[in-house]
Each structure stands twice: as structure tokens, then as C-alpha cells.
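Asks: Provide a 3D model corresponding to the input given below.
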Amino acid sequence: MKLCERLAAEAAGTAWLVFVGCASTALNSSAPTQGWNVFEMAAAFGLAQAVAAYACGRISSAHFNPAVTIGYAIAGRFRTREVAPYIAAQNAGAIVGAALLAAVASGRPGFAFAVSDFGSNGYGEHSPCEYVPSAVFAVELAMTFAFALLHLVMSTSAQRRRTAPAALGACLAAAYLIAIPVSNGGLNPARSTGPALFVGEWALDQLWLFWAAPMLGAIAAGFFLRVVLRRGG
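Replies: Model prediction:
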């Protein structure tokens, strides 16, 4: 596939992921139900990941996440010169997905970005359960490490690639079940950036953590797989 086709697939997949995942909370005006909102959002992100991976996996390898792209590059499974274009496409897609969601959400009477978190990630008073930054950082790093490592492992053979979309969707949903009460579920710098640009203020001030922790987690996953493959070879 040409690079432009792969970048288009990455942008479209990331836009879908952000729109579907964040819509599960941003468009729901009903009173929160303990536990159910966490499951609903986790399921939405997991299903969106699986669908997008099935649609785009053969075109772009279905990263949809700057951290995953970095993990692939560290593991030696992705061209370094294509890292920046992939990350740019993913962020562009996330912004488009968030913009579409903003247009839909704004159609509800009384909706305001200042009142709704719009699916944004946060720590302290902006964490769903008010977790401190160190706890949020640890969860974001650990969950991204697990997701990025599975992504890399599933790419190591043709047989695994066939089942990768379902596995990645299930993994992301499971990771979000853990991360949503802590950080509102990030694990993806592009996914965090899209909504933050519309919420502004605190969401942008805290965005650094949702770039730093996932990137470190994915870098660790890339190094880990590289060492394992080297010893196995």
C-alpha cells in the first residue's frame, strides 16, 4: 500500500475510535449508574477498535495510536521515517472524530463543554475517582504496555494477524475497565488530544501525562519484544 493510503486508513480508524468511544459518555444524558457507565465506555472503545482493525488492518496495520506506532518502531517492526506521518495522521483523525462528536453533542439542549468532560482524561479532581497524578501515570503506563505488547505480538505471524482485531478489541476493553475509574481511560495520546482540544483549560493542562505515560509504556513494550525475539532467534 502507498503511504498516503495507509495514512488515510490511520486517520479514519482513529476518528472512528474517538467518536464511538467518547460518544458513549458524551451523548448519554441519563443519570450515571454505578459500574454501568464504565462498562459501556469500555465496550464502546473495545468494539470500535475491533471494527476499525478489521477494516484497516491489511492497509495500515491498524495502529490508531501514536504510542503503538512508537512501540513498533522501537521493536524494529516499523520504518522510522514513517513514524511522524503516522502520528500526524492519527492526531488529525482524533480531532476530526472529536469535532464530529462536538457537533452532535451540541445539539442537546443544555450541553456545555465546561460541564461535560466530553470523554477527556484527567487526574486529581478531574479523575473520575479523584486519583492522584502518580496513580494515573502508573495505570496509563501499565495498561498501554500491555496493549502495545499484545499489538506487537499479534503482528509476528500471519495466523495471529487474522485474529488480531478481536484480540485487540478485547484487550482494549479490559484495559479500559481498569483505567476508566482512574483516568477516564486514555492509553492513546491521540484519543486524549482530540477531546482535550474542545474542553480546553484543565484538559489541555493535564494532557502532558496522557502523552508521557502511554509513550513510555509502549517504548517499554517495544524493547521487551525486541529482547524476547532476539533471544528466541
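
Asks: A67 contacts A148, correct?
Replies: Yes - contact criterion Cβ atoms under 8 Å: A67 and A148 qualify, at 6.1 Å. (C-beta placed from N, C-alpha, C; glycine too.)

Asks: check contacts around G124.
Replies: Shown in contact with G124 (Cβ atoms under 8 Å, 6 or more residues apart in numbering): 130-133, 206.

Asks: now G46
Replies: Contacts of G46 by Cβ under 8 Å, 6+ apart are 169-174, 176.

Asks: Mind checking which of those are buried?
Replies: Neighbour counting by 16 or more other Cβ atoms under 10 Å classes 169, 171-173, 176 among the contacts of G46 as buried.

Asks: ok, of these, which one's closest to A92?
Replies: A92 lies nearest to L172 out of the buried ones among the contacts of G46, by Cβ to Cβ, at 21.0 Å.

Asks: For that closest one, what is the enclosing helix or strand?
Replies: Per DSSP states H and E, L172 falls inside helix 158-183.

Asks: Equivalent analysis for R77, please.
Replies: Using DSSP H and E, no helix or strand contains R77.

Asks: One more: V68?
Replies: helix 66-74.

Asks: List the neighbours of stretch 202-209 that are in contact with it.
Replies: 117-118, 120-124, 126, 133, 136-137, 140, 192-193, 195-197.

Asks: If we use 7 Å, what do you get?
Replies: With Cβ atoms under 7 Å, 6 or more residues apart in numbering as the test, stretch 202-209 has contacts from 120, 122-123, 126, 133, 136-137, 192-193, 195-196.

Asks: so who does the residue nearest the centre of the chain touch?
Replies: The residue lying closest to the centre of the chain (Cα atoms, centre = their mean) is N188, at 3.3 Å. Neighbouring residues of N188 by Cβ under 7 Å, 6+ apart: 65, 67, 214.

Asks: neighbour-wise, which of those residues leads?
Replies: Within the contacts of N188, neighbour counts (other Cβ atoms under 10 Å) peak at A67, which reaches 34 neighbours.
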